[in-house]
Structure formats: C-alpha cells, structure tokens
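Chemist: A predicted structure for the sequence below; I have some questions about it.
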Amino acid sequence: MTGVTGLTGFSSSAQAMSLVAFTTVATITLLLCVMTGPDRDDLDEFYTGYGSLSPMRNGLAIAGDYISAATVLGTGGVIALAGYDGVVLALSTALSLMLLMFLLAEPLRNAGRFTMGDALARRMPGRAVRITACAVTLVALLPLMLVQLAGAGDLLAFILGFSSDSLKTGCIIGLGALMISYAAIGGMKGTALIQILKIVMLLGSGAVVAVLILHRFDWSPGALLDAAGSNSGVGSAFLHSGLEFAGGPSPRLDMITSELTVVLGGACLPHITMRMYTAGSARQVRRSMSWAVPCVALFVLVISVIGFGATALIGRGVIAGADPQGNTAYLLGSRAAFGADVSTAESLLFTTVTSAIFLTLLASVAGMILACANSLAHDVFAHGRFFRGRRRDDELSPHREMILARVSALAVGAPAILLATLVQHHSLQPLVTLSFCLGASAIAPALVYSLFWRRYTRTGLLATLIGGTLTVLLLMPGTNLVSGSPTSAFPDADFNWFPFTTTGLVSIPLGFAYGWLGTVASGRRKAEEQRRQYEAVEGWILAGAVRRGS
C-alpha cells in the first residue's frame with residue numbers, strides 16, 4: 001500500500017473512499033427518515049410505528065439498538081487488550097438480552113404503551129412516578145450519548161487522518177445535528193429502519209473480516225488464540241481471567257461485579273425497553289426477541305475473532321499505542337486481516353466496515369435521543385399538567401404532544417452535543433459504566449418489582465428509582481475508572497476511595513433494598529391496596545389478557 005498514515009495503515013485512497021461512503025450513508029439514512037416518518041398527528045405512529053414491523057425486522061432493530069458504538073469499539077478494545085476478560089464481558093452482553101427475552105419482554109409490552117413511565121404507571125399512576133421515570137431515563141442515557149458523540153469525532157479523525165481539535169468538534173456538532181434530525185423526523189419507524197440497515201452492515205462486514213482472520217491462521221481457532229497470547233506481551237495471562245482487573249485489590253470480585261452490572265443493566269436501559277412497545281402482540285415480542293438474541297450472539301463471536309485477530313496480527317502494544325482504551329482495535333484488526341497488499345475488493349470491504357461503524361454511531365445516538373424525547377414529551381408534558389387548555393385534565397392533544405416530542409429531541413440533543421465537545425479529551429469509560437450501573441441499580445429493580453411484586457407501592461418505586469440513582473452517582477466518582485490510574489478519566493488525580501470498576505457491588509443490592517424498605521415503610525394498608533390494584537391488571541401484564549390501550 002502507498003500513502004500509509006501512521007500506525008493505522010489506512011491509505012489515502014481508503015480515506016477518500018470512507019469519506020464518500022460516510023456522506024452517502026448520511027444522505028440515504030436521512031432520506032429514509034423523511035420518507036418513513038409520520039406525516040400525521042398520530043402518536044401511535046410516531047412512538048411505535050403502529051407496531052407495523054414484522055418480528056424479523058423488529059428483532060433486527062432491537063439488536064441494532066442493543067449493539068451500540070460503545071459496545072463495538074469498547075468491547076472490541078477490551079478483548080484485544082485483556083483477552084479472556086473481554087470475551088466474558090461480551091458474553092455478558094448477550095446474556096443480558098436473553099434475560100430481557102425470558103423475564104421482562106412480554107410483561108413490558110403488555111404493561112407499557114409508549115415509554116418506561118407508561119409501564120411503571122400502569123398500576124401506580126401519578127405525576128411523581130412519570131416525572132421520576134423520565135429523570136432516570138435522561139440520567140441513564142445521557143452518559144452513553146456523550147460517549148458516542150465524542151467518539152464520532154475521534155473515529156473520523158482516526159480514519160480520515162486529521163488531528164485538529166476544531167475539526168473533531170465540528171464533526172461532533174454536525175453528526176449530533178444529524179442524529180437529532182433522525183429522531184425528530186423519523187420517529188420510531190424511521191430510527192428502526194436505520195437500526196436494521198446498521199445491524200445488517202455491521203454483522204455482514206464483520207463476519208467477512210472474521211472469516212479472513214481465521215483464514216490467515218489456517219482456520220484454526222487454537223492457532224489464533226496462541227498467536228494472540230504470544231503477541232500480547234503478557235504471555236498466558238492473556239488467555240486467563242484477571243488481566244483486566246489486575247490492578248485492583250480484589251480482581252475476582254471486581255470482575256464478577258462488572259459482569260453482573262452488564263447482565264442486569266444492559267438490556268434494561270430505556271432505549272432498549274422502548275422497542276418492546278413496537279410489537280403488536282406478546283407473540284410478536286417473543287418472535288422479535290428470537291431474532292435479536294441470535295444476532296447479538298453472532299456479533300459476540302465476530303467481535304471476539306476480530307479482537308483476538310488484532311492482537312495476533314499487530315500486537316497489543318500497537319493497539320494500546322493507538323488508543324489506551326483499545327477503541328480502535330476493531331478497525332485495526334479489520335485492516336490487518338487484509339495483509340500488506342490490499343486489493344480493490346478488500347478496500348471496498350474495509351470501507352463497508354468503517355461505514356458500518358459510522359452508521360452505528362448515528363443510529364445508537366438517534367435511538368437514545370428518541371427514548372429521552374419520548375419520555376420527556378409523553379411522561380412530563382403530556383401527563384404532568386404543565387399546560388393549560390386541555391381537552392381533559394391528563395391529556396394533551398395529539399398534535400401538541402407530537403410537536404413537543406420533536407422539540408424535546410432538540411432539547412435533549414443540543415446539551416448532549418455541547419457536553420460531548422467538553423469531555424472529548426478525557427477517558428469516557430466511566431460514562432459507559434455509569435449508564436450500565438444506573439440500569440442495573442435503579443431501572444432493573446424498579447421493573448422487576450413493578451411487574452411481578454403484588455405489594456409493591458408507589459413509595460417503594462420512588463425509593464428504588466431515586467435511591468438507586470443517587471447511590472450510583474455518589475459512588476461512581478470514587479471508582480478507579482475516574483482517578484487513580486494512568487488510564488482513568490483524571491490520571492493526575494487520586495480520589496479513588498471505592499477501588500472497583502463499577503458501583504454494582506453496593507448499588508445493586510441497595511437498589512432492591514430501597515424498594516423493599518419503601519414498601520414496608522408504606523404500611524400494611526397501602527401494600528394491600530397495591531396488591532388489589534395489581535391483581536386487577538395482572539392479566540394484562542403477565543398474559544396480555546386485555547389488549548393494551550383498549
């Protein structure tokens with residue numbers, strides 16, 4: 001190859017092809033949103049797309065929402081740098097979706113209508129529940145949005161070969177505006193089509209790269225693992241547990257806690273659970289999840305092969321030198337699979353890989369903005385009595401709520417873009433972990449209790465959401481991801497008083513305990529009232545006996 005740039009090995013022609021592909025992808029996806037977006041003041045069309053997606057397409061959209069850019073780049077980096085521990089983390093993400101499939105998917109679809117607030121308010125209606133659910137949705141998804149918006153600038157800089165901070169900031173602002181447009185114009189159906197396109201491109205291109213890597217090692221997974229271990233610089237430790245958490249006082253406990261946080265928190269985040277409401281029936285939810293889970297499992301296999309291939313072909317030191325967190329490992333591994341001489345067909349394949357990651361960034365943030373905007377418009381404004389002149393005391397007109405949902409997309413996206421430009425030069429791993437900890441410590445206990453515990457009271461629900469969130473926010477600054485290590489967000493500082501990677505060791509048990517204590521504190525009379533109210537809707541929630549919204 002000629003015109004190689006630095007460690008990346010990307011030629012000038014590959015960079016030009018990637019730039020053209022990015023522009024084409026952005027244009028086509030925006031056009032899809034315009035063509036498929038709701039053209040009437042119909043809330044069901046904007047929030048759920050009328051449930052018109054087939055189970056296969058809905059399943060692909062769920063998998064697309066679930067596999068975010070943080071998962072592709074971050075998990076690929078952990079696999080390339082930490083080996084065995086990274087694979088276990090990737091498997092935990094697949095297990096999380098299986099937990100959603102078997103435990104929560106159908107009750108969520110039956111209990112909710114548009115948002116997580118709907119599901120929680122099914123048996124405990126009230127402004128406090130909806131407003132708190134919206135607040136937790138915003139706090140849980142904002143960190144993930146920042147990570148992926150900031151990563152967009154770094155990704156384009158890495159692939160296209162520029163290093164100017166002003167250009168990176170410009171990329172963040174431009175791509176952020178595009179993501180807001182997706183959410184505001186396309187609604188649920190438009191963003192679903194983008195997710196489907198993304199997952200097809202990501203899995204298709206990744207599978208081909210994984211096959212090329214295995215071909216380089218004579219189709220022997222054992223030879224691939226041996227080469228990765230010998231080229232990792234840490235020997236056999238690369239293929240055994242403990243490397244990722246070796247610096248902490250309790251590596252095994254830290255690893256187990258991190259896995260539990262991913263399993264409980266990953267699939268309970270609001271931008272994933274909102275996809276349950278797009279299915280027309282409980283049977284369609286089951287069929288949709290039966291498509292989503294294999295897609296995620298295939299992705300785990302693909303990213304494991306590419307991560308190990310990156311270490312085996314170019315070395316752990318080169319990957320860490322390009323990015324200490326390993327976020328470029330997926331791209332470097334894909335490039336290394338082609339060897340020194342790259343054909344035109346291989347250049348096109350690499351362009352497809354970069355375009356798939358670019359589309360993953362766009363689609364992931366658009367889905368999160370849509371989830372936040374829907375909750376803000378529907379839970380806070382439509383049911384919060386913030387406006388006068390309603391037809392009924394608890395409802396806005398569909399036209400007004402539709403306008404508010406679109407304005408809310410801008411209200412959520414604009415601050416996210418601003419904050420992303422401010423945090424782009426720091427390690428963003430604490431923000432990813434923060435979102436998963438909130439999902440595991442506040443949202444998961446609230447959903448489990450609300451859907452299955454008869455005596456769960458409003459006080460218990462609010463205690464779960466508020467207490468779990470505050471516990472995570474208090475503990476997270478003390479973890480070793482924020483300070484106390486060279487790869488932390490503040491490497492020159494050391495206020496690491498909670499020496500673990502996640503807060504789950506304390507916050508997950510407390511999240512469940514808050515709900516129990518709040519329910520007990522409500523008194524026996526309130527608990528009995530809630531039991532009777534739950535039994536009145538139990539058929540709806542657990543079996544879908546009465547169609548939602550009837």
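Modeler: Great, that's in hand.

Chemist: In this protein, which residue is most central in space?
Modeler: residue 68 (4.7 Å; C-alpha atoms, centre = their mean).

Chemist: Grab the nearest non-local neighbour of that residue.
Modeler: Leaving aside its sequence neighbours, residue 68 sits nearest to residue 364 (C-beta to C-beta, 6 or more residues apart in numbering; 4.1 Å). Any C-beta I mention is one placed from the backbone N, CA and C, and that applies to glycine too.

Chemist: What separation is there between that neighbour and residue 72?
Modeler: Noted for residue 364: a distance of 9 Å to residue 72, by C-beta to C-beta, to the nearest Å.

Chemist: Check which helices and strands the one helix or strand in the chain whose mean pLDDT sits lowest is in contact with.
Modeler: When each helix and strand of the chain is scored by mean pLDDT, DSSP states H and E, helix 43-48 comes last, with a mean of 75. Counting contacts by 3 or more C-beta pairs under 8 Å, 6 or more residues apart in numbering; DSSP states H and E, helix 43-48 is packed against helix 187-216, helix 398-423.

Chemist: would you list every one of the helices in the stretch 51-200 of the chain?
Modeler: Applying DSSP state H, counting those that start in this stretch to the stretch 51-200 of the chain gives helices spanning 55-66, 69-70, 76-82, 84-99, 105-111, 116-121, 127-160, 165-181, 187-216.

Chemist: Output those as JSON lines; include the columns mean neighbour count and mean pLDDT.
Modeler: Below are these laid out as JSON lines (neighbours: other C-beta atoms under 10 Å; pLDDT from 0 to 100):
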{"stretch": "helix 55-66", "mean neighbour count": "26", "mean pLDDT": "90"}
{"stretch": "helix 69-70", "mean neighbour count": "24", "mean pLDDT": "82"}
{"stretch": "helix 76-82", "mean neighbour count": "28", "mean pLDDT": "91"}
{"stretch": "helix 84-99", "mean neighbour count": "21", "mean pLDDT": "91"}
{"stretch": "helix 105-111", "mean neighbour count": "25", "mean pLDDT": "85"}
{"stretch": "helix 116-121", "mean neighbour count": "27", "mean pLDDT": "87"}
{"stretch": "helix 127-160", "mean neighbour count": "23", "mean pLDDT": "88"}
{"stretch": "helix 165-181", "mean neighbour count": "19", "mean pLDDT": "86"}
{"stretch": "helix 187-216", "mean neighbour count": "22", "mean pLDDT": "90"}
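
Chemist: can you put these in TSV and add distance to residue 16?
Modeler: Formatted as TSV, the helices of the stretch 51-200 of the chain follow (distance: least, C-beta to C-beta, whole Å):
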stretch	distance to residue 16
helix 55-66	28
helix 69-70	23
helix 76-82	25
helix 84-99	33
helix 105-111	44
helix 116-121	44
helix 127-160	9
helix 165-181	16
helix 187-216	19
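
Chemist: Out of those, the one nearest residue 417 is which?
Modeler: helix 165-181 (3.7 Å; C-beta to C-beta).

Chemist: For the closest one, which helices and strands make contact with it?
Modeler: Here helix 165-181 touches helix 12-36, helix 127-160, helix 344-375, helix 398-423, going by 3+ C-beta pairs under 8 Å, 6+ apart.

Chemist: Dump the ones you listed into a markdown table; add distance to residue 195 as well.
Modeler: Shown next, in a markdown table, are these (distance: least, C-beta to C-beta, whole Å):
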| stretch | distance to residue 195 |
| --- | --- |
| helix 12-36 | 10 |
| helix 127-160 | 14 |
| helix 344-375 | 5 |
| helix 398-423 | 16 |
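
Chemist: so which of those helices comes closest to residue 473?
Modeler: helix 127-160 (7.8 Å).

Chemist: Many thanks, we can stop here.
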